[in-house]
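Trainee: Below is the sequence, then the predicted model.
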Amino acid sequence: MKAGEEVVKKHDLSSLRLLASVGEPLNSEAVIWSEKVFGRAFLDTYFQTETGSIMITNFPGMKVKPGSMGRPFPGITATILDPKTYEPYGETGKIGLIGIKPGWPAMMRTYWNNEETYQKKFRNGWYMTGDRASLDKEGYFWFVGRDDDIINTGGHLVSPFEVESVLLEHPAIAESAVVSKPDPINMEVVKAFVSLKTGFKSSPELDLEIMNFIRKKLSPLAMPQEIAFVDSLPKTRSGKIMRRILKAKEWGEEVGDTSTLEDD
Amino acid sequence: MADELKDVILKYVTAEYLEEGADPLGFDSPLISGGIVDSFSMVSLKRFLENKYKISIPDDDATPEAFDSVNKIADLVRRFTRT
């Protein structure tokens, strides 16, 4: 997306059948872009090393809702659990923990030399992926964020993924990452890291414009209290944004393992 | 200058924070305590003033009380443009 549409137009795409994405959850903006540029929507997928195979996805033939994770892969039972009771919610639209019914063939059998951590992944008969999402009336899952990444600002929960997605709707922004930063009054507040598209330059005016953009499109709570303009975001070699690194710096913590950080 | 300052602030607050159909604001209308501008949005209002008047308002001075009306905000801006 950063490179623009022209690169795609140079090629014959008549034999292109499917476009799928792994790694970071796809923002709706990316799916809409691919429909426009490739004539086909990027199909987002959801799985973990622990699950061994795709659990929730947009499979060929189903209607794609841009920004949604899709639906459970045939044969997989997935739901949204109440974080307090670990029971599936009786209604749709509520944000909770993603739970998957154990027993699928590719499921992990343990963590090497760490059975205790393995056991903690299961509650009330569900495998807990550690991510939060909501479910709509048509059974589509909507990603909210990694449990550890959710921002608790003055007692309200903010989804970093939602803020990142709306940031990408701003014409100047190419990439975005949202993390919490410490705050004396609200415990945590929203901080955004953005890289700009070619032709845009950071300025105090753009900074304010982006703040107001989020405030109006989402809410004052979700508005980044600080925006850092960066050339690029730290990513893994497979393209996942490493929020962990950005967050650790904000909180003055050790950055930890960076062996998967991309080289350039 | 003084009145122009107040006009600019009033216009900005009205355009950015006042809901459509709400009663028009005056220079003394309560902004924070009146629920027009919440504590999270105050940060963007502060940023606007800092950009516009090329000043820096320390966090300790950017209190909800100091932002509670256009008149009070104008006083605050004047304090920091003078120094």
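Mentor: It's in.

Trainee: Low-confidence ranges, chain B, go.
Mentor: B:1-2, B:83 (pLDDT under 70).

Trainee: All the helices of it, in order from the start?
Mentor: Secondary structure of chain B (DSSP state H): helices at B:2-17, B:42-53, B:70-82.

Trainee: just those helices: most buried one?
Mentor: Stretch with highest mean neighbour count among those: helix B:42-53 (a mean of 19; mean count of other CB atoms under 10 Å in any protein chain shown). The C-beta positions use only the backbone N, C-alpha and C, and glycine is treated the same way.

Trainee: what about that one and chain A, touching?
Mentor: Yes. Residues of helix B:42-53 contacting chain A under CB under 8 Å from any CB of the partner chain: B:Val43, B:Ser44, B:Arg47, B:Phe48, B:Glu50, B:Asn51.

Trainee: List the residues that contact whichever residue of chain B sits closest to chain A.
Mentor: Nearest residue of chain B to chain A: B:Phe40, at 3.9 Å (CB to the nearest CB). Applying CB atoms under 8 Å, 6 or more residues apart in numbering or on different chains, one finds that B:Phe40 lies in contact with A:Thr153, A:Gly154, A:Asn186, A:Val189, A:Arg215, A:Pro220, A:Leu221, A:Met223, A:Gln225.

Trainee: what do you get if the cut-off is 7 Å, keeping everything else the same?
Mentor: A:Pro220, A:Leu221, A:Met223 (CB atoms under 7 Å, 6 or more residues apart in numbering or on different chains).

Trainee: Nearest residue to the last one in space, please, no chain neighbours.
Mentor: Leaving aside its chain neighbours, A:Met223 sits nearest to A:Arg215 (4.1 Å; criterion: CB to CB, 6 or more residues apart in numbering or on different chains).

Trainee: Please determine how far that neighbour is located from A:Gln225.
Mentor: Using CB to CB, to the nearest Å, A:Arg215 is found at 11 Å from A:Gln225.

Trainee: Work out which residue lies at the spatial centre of chain B.
Mentor: Geometric centre of chain B, nearest residue: B:Ile73, 4.5 Å, by CA atoms, centre = their mean.

Trainee: In contact with that residue: list those residues for me.
Mentor: Taking CB under 7 Å, 6+ apart as the criterion, B:Ile73 is in contact with B:Ile9, B:Phe67.

Trainee: quick revisit: go through the helices of chain B and name the closest to A:Asn114.
Mentor: With CB to CB as the criterion, A:Asn114 lies closest to helix B:42-53 of those, at 42.5 Å.

Trainee: Check which helices and strands that closest one sits against.
Mentor: helix A:204-217, helix B:70-82 (3 or more CB pairs under 7 Å, 6 or more residues apart in numbering or on different chains; DSSP states H and E).

Trainee: which residues touch the closest residue to A:Lys137 other than its chain neighbours?
Mentor: Nearest residue to A:Lys137, sequence neighbours excluded (CB to CB, 6+ apart): A:Thr92, at 5.2 Å. A:Thr92 sits next to A:Leu135, A:Asp136, A:Lys137 when contact means CB under 7 Å, 6+ apart.
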